[in-house]
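Student: just a sequence and a predicted model for now, questions to come.
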Amino acid sequence: MLYERWRQIAEEFRNEIALSDAASGQRWTFEELAARTEQGIVSIEPLVFPKGNSPEFIFNVLRAWRSGKTICPLDTGQAAPVFSELLPSGCVHLKLTSGSTGTSRAVAFKPEQLVADAANIVQTMRLRRDSPNIGVISLAHSYGFSNLVLPLLLHGIPLILVPAPLPEIVRRAIGDLGNVTLAAVPALWRVWHDADAVASKVLLAISAGAPLPLVLESAVFERFGLKIHNFYGSSECGGIAYDRSELPRTDNALVGEPMEDVNLSVGEDGCLEVRSRAVGETYWPEGNEKLKNGVFRTSDLAEISNGNIYLRGRITDQINVAGRKISPETIERALLKHPDVEECLVFGVPSAEAERSETIVGCVAARTEIRADALKQFLLTELPAWQIPRGWWFVDALQTNARGKLSRAEWRKRYLARS
């Protein structure tokens, strides 16, 4: 199904540029890309591991499709997992995700589920063949595979691979092109904004992988007239919601409207439930009730109002303060209202005063020097006293992890080690 669809695309657009590699300057038309993937040796193993962000990643995906192999994309240097169980029946793609035990587990997809996700993204975001995707995010991650690889191979959206997201390299990659589409994570948008590297040629700007701060979204819009569209998705189901508006949001909790052909509801536990043809088949090697029969039950506490999706935190991140639970996002939103707070992250650590209780910690990157007691007094105008952090950690910046996300678990670990 996937390879047949690719052959149709390659034939339809055979003389147009499909793939460009900014590092080497090489380019391939759809016809040349099709010919290239007819060459080369495909592993005799049932599982193929495309790696990195080079053209070879694309070649290996197509060769695997041609040979009927199952794909499990990896980042450069990432070790291939070893699965002793037989691959899930009818599944052709595995997205690795972290299990609660730390052992490898994956989300398994059938061809029609990948096709549905790509169609939802292309239709919702209105991706265009005359506005090539600039590839700066990982092709192996769900975000990059769904937004860059699948639109190229299943819809003919050209892709330009960039060796590094440094501002000058991105500028050169865009070069004399007309309009381009640039999908990235908030950390990259911040770097490009600070370096004055957001070009007027960016027709469509997309941000996913971590919450997009309102301050950054507004700053880019005010400086460049460029609206960054917030995109919310998950490895288990692909795209979930997208901010279609042309003006900056005014609420950090707003992630957008449901993607095309995606149905969203809030479950009895307050968490968002996703129903669509793009939802993965199962967790593998061990299944779970959270992903089954075309339904993905997330851990994101959500509210649906007037067709918009608002995230109110994760049920697993809730902080227990003497039996009362608070979502860290509630405190973060209040902190971000302070004019001197650039970024913040809130988490709970074990309390030294009571068992099965936590102490709230506020980790803050400030624009100017600010004292903890000043932040406490400010928060008292926004929140009940019991929701005010008792621990504070001031940092220069909140670095993201390898996937471009702010990980509460990682920052909590650093805080405890520092303490």
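Tutor: The structure has been received and is ready for your questions. Numbering: from 1, shown residues only.
Student: Ile319 pairs with what?
Tutor: Per DSSP bridges, the residues bridged to Ile319 are Ile326.
Student: go ahead and confirm it touches Gly362.
Tutor: No. Using CB atoms under 8 Å, Ile319 is not in contact with Gly362; the gap is 11.3 Å. Backbone N, C-alpha and C define where each C-beta goes, glycine included.
Student: name the residues contacting each of these two.
Tutor: Val346 (CB atoms under 8 Å, 6 or more residues apart in numbering).
Student: mind checking the backbone torsions on the residue nearest the centre of the chain?
Tutor: For the chain, Gly209 is the residue whose C-alpha lies nearest the centre (CA atoms, centre = their mean; 2.7 Å). The phi and psi torsions at Gly209 (degrees, to the nearest 10) take the values phi 90, psi -20.
Student: could you tell me how far it is located from Gly135?
Tutor: Gly209 sits 14 Å away from Gly135 when distances are taken as CB to CB, to the nearest Å.
Student: now swap in Pro111 and tell me
Tutor: Note on Pro111: its distance to Gly135, by CB to CB, is 23 Å.
Student: of these two, who's got more company?
Tutor: A count of neighbours by other CB atoms under 10 Å puts Gly135 above the other of Pro111 and Gly135, at 28 against 17.
Student: quick one: residues contacting the more buried one.
Tutor: Asn53, Gly144, Leu148, Leu159, Ile160, Leu161, Val162.
Student: let's see that with 6 Å instead.
Tutor: Leu148, Leu159, Leu161, Val162 (CB atoms under 6 Å, 6 or more residues apart in numbering).
Student: out of those, the closest to Ser351 would be?
Tutor: Nearest to Ser351 among the contacts of Gly135, counting by CB to CB, is Leu148 at 44.6 Å.
Student: report pLDDT for the closest one.
Tutor: Looking at Leu148, its pLDDT reads 98.
Student: Asn133 is in contact with that one, correct?
Tutor: Yes. Applying CB atoms under 6 Å as the test, Leu148 and Asn133 come out as touching, 5.1 Å apart.
Student: mutual contacts of the two, please.
Tutor: Contacts common to Leu148 and Asn133, judged by CB under 6 Å, 6+ apart, are Leu159.
Student: distance of the residue nearest to the centre of the chain relative to Val185?
Tutor: 4 Å.
Student: A helix includes Gln377, no?
Tutor: Yes. Judged by DSSP: H, G, I helix; E, B strand; the rest coil, Gln377 forms part of a helix.
Student: so how far is Leu383 from it?
Tutor: In terms of CB to CB, Gln377 sits 12 Å off from Leu383.
Student: and if you look at Trp192?
Tutor: For Trp192 relative to Leu383 (CB to CB), the value is 34 Å.
Student: neighbour count: these two, which is higher?
Tutor: It is Trp192, of Trp192 and Leu383, that has more neighbours when counted by other CB under 10 Å, with 24 against 17.
Student: mind listing what that one touches?
Tutor: Pro167, Val198.
Student: on the three-state scheme, it is what?
Tutor: Applying three-state DSSP: Trp192 is helix.
Student: repeat that for Pro163.
Tutor: Pro163 - assigned by three-state DSSP - is coil.
Student: for Trp28, phi and psi?
Tutor: phi -130, psi 130.
Student: quick check: it touching Leu19?
Tutor: Yes. Here Trp28 reaches Leu19: they are 4.8 Å apart, a contact under CB under 6 Å.
Student: looking at those two, which has the bigger crowd around it?
Tutor: Taking other CB under 10 Å, Trp28 and Leu19 do not tie; Leu19 has more neighbours (23 against 19).
Student: residues in contact with the helix or strand where the more buried one lies?
Tutor: Leu19 is part of strand 17-21 when elements are defined by DSSP states H and E. By CB under 6 Å, 6+ apart, the residues outside strand 17-21 that reach it are Arg27, Trp28, Thr29, Phe30, Leu33, Pro55, Pro158, Leu159, Ile160, Leu161.
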